[in-house]
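> got a sequence here, can you model it:
(one chain, ligands or ions: 2)
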Amino acid sequence: MPTCDDESGERNLILILGDQLSRNIASLQQADRSRDIVLMAEVAEEAGYVQHHKKKIAFLFSAMRHFALELQANGWQVRYVQLDDPENSGSLTGEIDRLRAEHPTARVVVTEPGEYRLKSALLDWAEEAGAALDMRQDSRFLCSHERFRTWAEGRKQLRMEYFYREMRRETGLLMAGGLPVGGKWNFDHENRKSAEGGLFLPRPLETRPDAITEEVLELVEARFGNHFGSLRPFWFAVTRDGALQALENFVKLALPGFGDYQDAMLEGERFLYHSVLSQYINAGLLEPLEVCRRVERAFYEGHAPLNAAEGFIRQIIGWREFVRGIYWLNMPGYTAQNFFEASRPLPGFYWTGETDMACLAAAIAQTRDEAYAHHIQRLMVTGNFAMLAGVDPREVHEWYLAVYADAYEWVEAPNVIGMSQFADGGLLGSKPYAASGNYINKMSDHCAGCIYEVKRKTGAGACPFNPLYWDFLARNADKLRENPRLRQVYRTWDRMSTGQQVKYRETARQILGRLFEE
Ligand code: FAD
Ligand code: DLZ
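Ligands and ions are numbered 1, 2, ... in the order given. Prediction:
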């Protein structure tokens, strides 16, 4: 029998959100499955606060439906509200009210939502309703808000690398006798190979939709047909078992090449050696630590090299935990940061994919088709271009929050506002990830088939990333010149002839003029 720590013996309402599909979720602990009632609801408010990609909505609704059935099979009483239920109030708080009106409950128990927006809405609701709300820490993360705050206190700069070392020590992942395995914490310098065609390229595991998923796909097509993205083919796993199989597929086929080709891009190859597991981890189908332990085991068994295992584990216990810490330390207000005071609108081609820049066209087409792009596409192609072009970071943020199946504000906003747009002025990263066409050419084969010439710096036919790069640095010199990591770049700019500087800026002006009709 499950134990119950609620001495009152009264029935509680346990709210499980769409990204809390974990058997070990804190809100289910110490609950009494014969007495308490679990509420899960598909609601218009959550599905519509940004124009989520159709695949993201379908993935979550189907995974929620499967999870509810699993809870029921394990003896839980579950009230599951479908989007098309005629009584559906359209919001999570509305659904709590509706259930409480039918079945009085002592407390509402919920694991802290990942987004500030929803956390505030639930706290406000409880205050207004005079309801007892038991909001629990999300134990799926290694680092609590309190722990991150303590780590951050008194530090002049918050840098992922030092935080990551603490997480390594704490978890013991890839540690031996208190030291990092291999004698170094980070093997990133081995992880920058560009990929050539002809490599064996694995694919993520594709799951065939079952009857539940098919029903959801029809619902999404009918209700969200105007949202961004292709709904079919739909191949995401929607259960924990399916996600575990996807993890095994990754470890077996792609992990060995993950490190070497982590930063590479290849035309027509959408996944390379990436895991494509973030949507499962973020929704709760996989636990971050179990994924890391599985990867660590693959290294110890000799299946994957150290640079791959370390690189992968760093993304999860390092970057993933670090960005969440930055988010909660700086909300509210973080998403409104605009260090460069950038104000241009997001170009329309981010939604249509209609651009003649080959790298952007590829990244956006796969975002539309798969609700997925890998890190370097997000950072160095779509993100880099938006920053160089001076797009309002708020618009960039809303685009990223909408278009990826793994997007939730706690992880998306620091990656966009901080890492990719430098709109937080350096809270998260030490310098802007600004790059010219040269970087994209080095890491990909896009430039070979592009109508723009990557080697051409200015004038008609020049790769737009080239003049935009220098224009970005020149127009933001007052904000960036003193950055120690950019001194060399500004020295190069200063050494350029005035004529060359004018050519860069004039070409940039023409490109921006065409793009934004300025
Ligand atoms: P892999 O390359 O296989 O990496 C393994 C895992 O590490 C990922 O599944 C993910 O859980 C974790 N990870 C890797 N990098 C990061 C990171 N920078 N921050 C947090 N976790 C990381 N990630 C999201 O989960 N949701 C987002 O909305 C999101 N938006 C992003 C926006 C921008 C502009 C950038 C630059 C990055 C963003 N990321 C986001 C981080 C990263 O790009 C994705 O986690 C990754 O591409 C997911 O693909 P994958 O599972 O194949 O990852
Ligand atoms: C993203 C999302 C969507 C599209 N729909 C729902 C929903 O209908 N019901 C629900 O409980 N959760 C949904 N979610 C996930 C929430 O938006 C997520 O829990 C919050 O953003 C906090 O991370």
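
> helix or strand next in line after the lowest-mean-pLDDT helix or strand in the chain, which one?
Using mean pLDDT, DSSP states H and E, the weakest-scoring helix or strand in the chain turns out to be helix 255-258, at a mean of 93. Toward the C-terminus, helix 255-258 is succeeded by helix 278-283 as the next helix or strand (DSSP states H and E).

> show me what contacts residue 291?
The contact partners of residue 291, taken as CB atoms under 8 Å, 6 or more residues apart in numbering, are 247, 277, 281, 316. (C-beta placed from N, C-alpha, C; glycine too.)

> those residues also near ligand 1: which ones?
Among those, the ones lying near ligand 1 by CB under 6 Å from any ligand atom are 277, 281, 316.

> before we move on, back to that, of the contacts of residue 291, closest to residue 68?
Distances from residue 68 to the contacts of residue 291, taken as CB to CB, are shortest for residue 281 (20.1 Å).

> which of the ones next to ligand 1 among the contacts of residue 291 count as buried?
Among those, those buried by neighbour count (16 or more other CB atoms under 10 Å) are 277, 281, 316.

> grab the nearest non-local neighbour of the second one.
Spatial nearest neighbour of residue 281, excluding adjacent residues (CB to CB, 6 or more residues apart in numbering): residue 288 at 5.6 Å.

> am I right that the one you found is in contact with residue 142?
Yes: taking contacts as CB atoms under 8 Å, residue 288 lies within contact range of residue 142: 7.4 Å.

> so what sits against both of these two?
Common contacts of residue 288 and residue 142 (CB under 8 Å, 6+ apart): residue 317.

> which residues of the stretch 1-150 of the chain score low on pLDDT?
In the predicted model of the stretch 1-150 of the chain, residues 1-8 satisfy pLDDT under 70.

> which residue ranges of it form strands?
Assigned strands in the stretch 1-150 of the chain, in chain order: 13-15, 37-41, 77-81, 107-111, 132-136 (criterion: DSSP state E, counting those that start in this stretch).

> just confirm residue 289 is within a strand.
No: assignment of residue 289 by DSSP: H, G, I helix; E, B strand; the rest coil gives helix, placing it outside any strand.

> which residues sit in contact with it?
Contact analysis of residue 289 by CB under 8 Å, 6+ apart lists 142, 171, 317.

> does residue 419 really touch residue 379, like I thought?
Yes: taking contacts as CB under 8 Å, residue 419 lies within contact range of residue 379: 6.6 Å.

> so what sits against both of the two?
Looking at what touches both residue 419 and residue 379 (by CB under 8 Å, 6+ apart), the common residues are residue 433.

> between the two, point out the one with more neighbours.
Ranked by neighbour count (other CB atoms under 10 Å), residue 419 and residue 379 place residue 419 first, with 22 against 18.

> that one: what's it in contact with?
With CB under 8 Å, 6+ apart, residue 419 has these contacts: 323, 379, 383, 428-429, 433.

> what do you get for residue 344?
Residue 344 neighbours (CB under 8 Å, 6+ apart): 389-392, 512, 516.

> any idea what it is bridged to?
Following DSSP bridges, residue 344 is listed with bridge partners residue 391.

> now do the helix or strand harbouring residue 511, average pLDDT.
Here residue 511 sits within helix 498-516, counting by DSSP H and E. Helix 498-516 carries an average pLDDT of 98.

> show me what it is in contact with.
Outside helix 498-516, the residues touching it (CB under 8 Å, 6+ apart) are 344-345, 347, 389-390, 457-459, 462, 464, 466-468, 470-471, 474, 493, 496, 518.

> okay, now residue 76: neighbour count?
Residue 76: 20 neighbours (other CB under 10 Å).

> that one and residue 457, how far apart?
Noted for residue 76: a distance of 63 Å to residue 457, by CB to CB, to the nearest Å.

> how about the strands in the stretch 401-518 of the chain?
Using DSSP E, counting those that start in this stretch, the stretch 401-518 of the chain contains no strands.

> looking at the contacts of residue 289, state which has the most neighbours.
Going by other CB under 10 Å, residue 317 tops the contacts of residue 289 with 25 neighbours.

> on the three-state scheme, it is what?
Assigned with three-state DSSP, residue 317 falls in the helix class.

> now it: closest residue in space, sequence neighbours ignored.
Distances taken as CB to CB, 6+ apart put residue 167 closest to residue 317, at 4.2 Å, once the chain neighbours are dropped.

> count of neighbours near that neighbour?
Counted with other CB under 10 Å, residues neighbouring residue 167 total 22.

> kindly report the same for the one 5 residues further on.
Residue neighbour count, defined by other CB under 10 Å, stands at 11 for residue 172.

> what about it, distance to ligand 1?
Distance of residue 172 to ligand 1, computed by CB to the nearest ligand atom, to the nearest Å: 19 Å.

> for that residue, phi and psi?
phi 80, psi 10 (degrees, to the nearest 10).

> and the residue of the stretch 401-518 of the chain nearest ligand 2?
At 4.4 Å from ligand 2, residue 408 is the closest residue in the stretch 401-518 of the chain, using CB to the nearest ligand atom.

> help me confirm that that residue comes into contact with residue 113.
No: judged on CB under 8 Å, residue 408 makes no contact with residue 113 at a distance of 9.1 Å.
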